[in-house]
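In: Test case, fold it:
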Amino acid sequence: MAFIEVVCSDWRVHRRRLEHRSRGIVGFEEPTWEAVQQRRIEYEPWTDHRLVLDP
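Out: Take a look at the predicted model:
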């Protein structure tokens, strides 16, 4: 089993991508930047071996 973690270390790029996308999934609201910031506070970093991609 392999774990791949995709991150965006540039918060300006991350925010711009978030605010300009539309997934169009019925029944799911697009996340707000504030919601993403709250998840970041609650996020517990992985301790297992993983491949990290930062495009």
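
In: Show the low-confidence segments of the protein, by residue range.
Out: For the chain, no stretch has pLDDT under 70.

In: name the element E5 belongs to?
Out: In the assignment (DSSP states H and E), E5 maps to strand 4-6.

In: what's that strand in contact with?
Out: Under the criterion C-beta atoms under 8 Å, 6 or more residues apart in numbering, residues 46, 50-55 lie in contact with strand 4-6. Bear in mind the C-beta positions are built from the backbone N, C-alpha and C, glycine included.

In: Show me what whichever helix or strand comes after that strand packs onto, helices and strands only.
Out: Downstream of strand 4-6, the next assigned helix or strand under DSSP H and E is helix 11-19. For helix 11-19, the packing partners by 3 or more C-beta pairs under 8 Å, 6 or more residues apart in numbering; DSSP states H and E come out as helix 33-42.

In: So what's the gap between the helix it packs on and the chain middle?
Out: Its chain's average C-alpha position is 9 Å from that of helix 33-42, according to C-alpha atoms, centre = their mean, to the nearest Å.

In: same question, stretch 45-55
Out: Stretch 45-55 has its C-alpha centroid displaced from the chain centroid by 13 Å (C-alpha atoms, centre = their mean).

In: Tell me which residue is most central in the protein.
Out: For the chain, V7 is the residue whose C-alpha lies nearest the centre (C-alpha atoms, centre = their mean; 6.5 Å).

In: Switch the contacts of strand 4-6 over to JSON lines; also include secondary structure, distance to I25 and neighbour count.
Out: Formatted as JSON lines, those follow (DSSP: H, G, I helix; E, B strand; the rest coil; distance: C-beta to C-beta, whole Å; neighbours: other C-beta atoms under 10 Å):
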{"residue": "W46", "secondary structure": "coil", "distance to I25": "26", "neighbour count": "10"}
{"residue": "R50", "secondary structure": "coil", "distance to I25": "26", "neighbour count": "11"}
{"residue": "L51", "secondary structure": "strand", "distance to I25": "27", "neighbour count": "9"}
{"residue": "V52", "secondary structure": "strand", "distance to I25": "26", "neighbour count": "11"}
{"residue": "L53", "secondary structure": "strand", "distance to I25": "23", "neighbour count": "10"}
{"residue": "D54", "secondary structure": "coil", "distance to I25": "25", "neighbour count": "9"}
{"residue": "P55", "secondary structure": "coil", "distance to I25": "22", "neighbour count": "9"}
